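# Okay, structure incoming, though there's no sequence with it:
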C-alpha cells in the first residue's frame, strides 16, 4: 500500500507551515518534467503514471504514522489543526498527464498537478521517484530493443535492480519500452507482463552430469526447453543438448565470446537436424554490445538483458523535477518560477502541442493553429486523468502503453532513435505567448524585489 | 509483505524440476558474493541482511499466487505435489552471514545459505536484489562521507531513487554507510533513521515575497530553521535570511558556484553577527565534487547528497551472484562449481578469516592459525544467523550496523579508503586447502565429462 510517509520530510514541514500561514487551501499547479536528457538520449518514453495515480488516490496517514510525526523536532510547532488535516487527508485535485508510452523530450511536462497547496506539495517525492524511474527504464528498453533489430528481448534484471520492488517496476517499464516480457514473476502476476525462464547453472550443477540435467529439463518443458549450455563448456554443452533432439526451443549462451560461440552453436544445431532450434544470448549485455552483434550478422534469435537494462547503467538517473508554476490567490492567478542559476523554470501551466514534425510547448490556454494551409492541427498531449480527486476512467494498461510506445517510435525519424549522441535532432519550441509570460514574470519579479 | 513471486521464473521452473527429479529435499549450499568490485572501489560495506532474513522467514505462496503460476505454460508439466509444496512452503534452512556494516572484498561470501534445494533456489533473486542494492549504497555513502572530512552528510535521494521503495532502503543503507540521516520520512518511521528537512523552493514561491516566506519558516522551525536562499538570487537570499537574526540553524545553497557563494554567504552571516549560523550545500553533489570543496577549505558545515548517492551513479550496480558450491547426496558431500569463461566459482562452503592486515578465504571447516608467534588469531566473519528456519537472535539494527561500519572503516588503512583507483591495496587470499579442493574438483569433473 502507498504510504503517506514515503516522502521527504520538508514536504511535511512545508505543509505544516502552509497550514500555519493559512495557505494550505490555496490552489497551486506543479509540473513534473525533465530538465535535460541524459547523454546519448534524444527522447524518453513516459511510464509510471498508473502507479502515480494509484498512490494519489490512496494517499493517507495512519494513526501510527501521525504519532511518529508528532515526535519529530521539526514539527513541534506545527499548528494543532495540521494533525487533523493529515488524519483526514484525501487527494481532491486534478492531474493532467501524457498516457504511458508517450514519447517526450526535455522540458515537456509528463504530469501536471493542480490541487490545494498541501495536497500538491506532499506527493512530490513519490511522484518523481515512480515516474522518473519507470520513464528511465522504458526509455532504456527502447534503446536495447532498437539495437536488437527485431529480435526478441527479455528483461532479466530482477536480481540487480535497486531493490526487489524496483525489479518489478523495471520489468513493467521495460515491457512498455518494447521488451517481449520479463523473468520477473511478480510483474507477470501484478501487471500481466509475459514471463520467461527455464533454468540456471545451478540446475545443471544439481545433477551428477550435464546430460542428465538436460534430459530432465526437456521432460519438464518440452518444446519450451532452453538449455543453458555454458556451465562447463558451451560447445560441449550444445553438443549434448543437440543429442537429445526434439522437442526443444533452443540453447542459451551466457558467457564467453558470443560471436564465435553463437556461430558454432548454430552449425552444431543445424548439423543435428535442429534447424528450428533457436539461440538466445545473455550475460552483461547492453544496446552497444547488441548493436555490434547485430551488425556482425550473428545467428542470434533472442536476447536476455538484465543489469544494464534494469539499472539503466549508462544513465542511472533522470533530472526529473516537480516545480510550482502557478498559484491562485483569492481568485487571482499568480505565475511563479525559480530563477536559480542553471535551474530556471518557466512559469504558467503548459500544454504540449505535437505537430507532425515538432513540438510546441505553450501556455495551457493556447490553441496554436497550423502555420501552413492543409496541415493537420497539433495534438495536445497532456490529458485530463484525475479531476476533483476522481479518476476519469481506467488508465491504459501496460499492454496498451507498450503498443502506444511502439506506434510512436515507428513515427519518429530514424535519426532521433540513434543510439549515439546527436545535437537535438527533434525540434521542441516554446510558444511566443509562454516566452512573453516569462518576460512579464521577470519584470514583475524585479519590481517586487526592489 | 515479502511475496513469493518476487523472483525469476526460472527459480520456480527449476524448483518444479527438482520435485519431479526427487531432488528438492537434497540439501545444497549457496554463497552470495561479489565477483569483482566496481571501478574506484576497494571494499564494500555489507548491508541488507535484515531485509533478507525478514524475507526468508516470511516467504509464502498465497492461493492467488499459486493460481497464477498454474496458468503459466512453463509449469504445465509440474508434478502435482509441487503445488502442495508451494502452498506449504516454509524456509527451514540455515543462513550464515556477516553482520551489516562489515567491510568486505570481492570473492568473499556476504551470506551463505544451506537448505533443501527448493528452499535454497527460490530466494536467489530477492536475496541478490536486496543485499546487493543496500551494500552498493552503504559503500557509496562511505565514500561520500570520507570525502566530506567530518562534515555531516544527509541523504537526500528519495526522489531520484529507483522507485519509492528503493529510496527508503537507500536511506537505510546510506545511514549504515555513515550519513547522519536522511530526508526520507518512511526510513525514519520504519528503521529509526534520523530525518532532516525544512523547506524547498516551492515554499519561497508560495509567498508573495521571499522575506515573508523566511519569516514564516523561522516561526515554524525556530533554531532548526534552514533558509533555502537560491530561489531568486542566493546572496540576496542570504542577506534577507541574515536580516531576520536569531534563531536559525543556517542557510542552504542549492545551485550556482558553491565555492564563491559559500565564502560570500559566510562573510554575510558573520557580518550580521551570526557566527554560529551554518552553511549547508546541496545540488548534484558526489564524492569527487565534495573532495574538491573540502580541499579548497570552503566554509561548509553540512551537505545534502541525493541523486548520486541514492543511485550510486558512477557504479550503479554490483556484480553480486548467488552460486551453488556444495550438495549433499545421500549423506555424501558433493562439491560443485561453474567453470564458464570469466565466471568461474570456487567449490565448497567457505569462511572468511580476517587477520589484522589481510583476509584469508578458506574452506569452512578450516581453522587457520597465525603464521607468526604472538599474533592475534583470525576472526571468522560469517556468523550463524538463522538455523533450522529459526532466527538465532534479533539482528543488530541500523544504528549498530552504522557503528560497526564506522569502527571497521577506522581500522582500514587510509590507502584502502582512497576514492580513486589503486591496485588491490588490501590482501585477500584463498587458503591452500580451498585451492586444493578446486584442483580435485576440476580433476573429477574431467573424469565425469569423458
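Arrived safely. These figures come from a predicted structure and were not determined experimentally. Numbers count the residues shown, from 1 in each chain, chains lettered A, B, ... in the order given.

# Report the separation between the two terminal residues of stretch A:73-90.
Using Cα to Cα, to the nearest Å, the end-to-end distance of stretch A:73-90 comes to 25 Å.

# Off-centre distance for it?
Per Cα atoms, centre = their mean, to the nearest Å, the displacement of stretch A:73-90 from the mean C-alpha position of its chain is 33 Å.

# for stretch A:415-430, same thing?
Distance, centroid of stretch A:415-430 to centroid of chain: 19 Å (Cα atoms, centre = their mean).

# now swap in stretch A:110-125 and tell me
Worked out by Cα atoms, centre = their mean, stretch A:110-125 lies 20 Å from the chain centre.

# end to end, how far does it reach?
Taking Cα to Cα, stretch A:110-125 runs 15 Å from one end to the other.

# Can stretch A:57-71 be said to contact chain B?
Yes. Judged by Cβ under 8 Å from any Cβ of the partner chain, stretch A:57-71 comes into contact with chain B at A:64-65, A:68-69. C-beta: built from backbone N, CA, C; applies to glycine.

# Just the endpoints, please. Distance across that stretch?
27 Å.

# For it, could you pull out the residues that count as buried?
Buried residues in stretch A:57-71, defined by neighbour count with 16 or more other Cβ atoms under 10 Å in any protein chain shown: A:59, A:61, A:65-66, A:68-69.

# Can you flag which of the residues you listed belong to helices?
A:65-66, A:68-69 (DSSP state H).

# Pick the one among those residues closest to chain B.
Here the nearest of these to chain B, counting by Cβ to the nearest Cβ, is residue A:68; it sits at 4.8 Å.

# I figured the closest one hits residue B:188, correct?
Yes. Counting by Cβ atoms under 8 Å, residue A:68 touches residue B:188, with 7.2 Å between them.

# shared neighbours, those two?
Jointly contacting residue A:68 and residue B:188 under the rule Cβ atoms under 8 Å, 6 or more residues apart in numbering or on different chains are residue A:5.

# Show me how chain A divides into domains.
For chain A, the structural domains run A:9-136+A:317-449, A:146-310, going by automatic domain parsing.

# Let's see the distance spanning the last one from one end to the other.
End-to-end distance of domain A:146-310 (Cα to Cα): 16 Å.

# follow-up on the earlier one: ranking the domains of chain A by mean pLDDT, which is last?
Least confident of the domains of chain A, judged by mean pLDDT, is domain A:9-136+A:317-449 with a mean of 92.

# Could you report the distance from the residue of the stretch 151-300 of chain A found nearest chain B to residue A:226?
The minimum distance from the stretch 151-300 of chain A to chain B, using Cβ to the nearest Cβ, falls at residue A:197 (3.1 Å). The gap separating residue A:197 from residue A:226 is 9 Å, by Cβ to Cβ, to the nearest Å.

# next one: residue A:430
For residue A:430, the distance to residue A:226 - Cβ to Cβ - is 51 Å.

# do the same with residue A:154
Per Cβ to Cβ, residue A:154 is found 11 Å from residue A:226.

# ok, now residue A:384?
Going from residue A:384 to residue A:226 by Cβ to Cβ gives 45 Å.

# of those two, who's got more company?
More neighbours surround residue A:226 than the other of residue A:384 and residue A:226, with 26 against 12 (other Cβ atoms under 10 Å in any protein chain shown).

# Is the more buried one in contact with residue A:249, as I believe?
Yes. With contact defined as Cβ under 8 Å, residue A:226 counts as touching residue A:249 (5.2 Å).

# would you say residue A:203 is within a helix?
Yes. Counting by DSSP: H, G, I helix; E, B strand; the rest coil, residue A:203 is located in a helix.

# for the stretch 351-450 of chain A, what spans make up the helices?
Assigned by DSSP state H, counting those that start in this stretch, the stretch 351-450 of chain A shows helices spanning A:398-411, A:432-449.

# For the last one, list every residue counted as buried.
Same thing as helix A:432-449. In helix A:432-449, counting by 16+ other Cβ under 10 Å, buried: A:434, A:437-438, A:441, A:445.

# Quick one: residues in contact with it.
A:335-337, A:339, A:346-348, A:350, A:361-363, A:366, B:208-210, B:232-233, B:236.

# Understood, closing this out.
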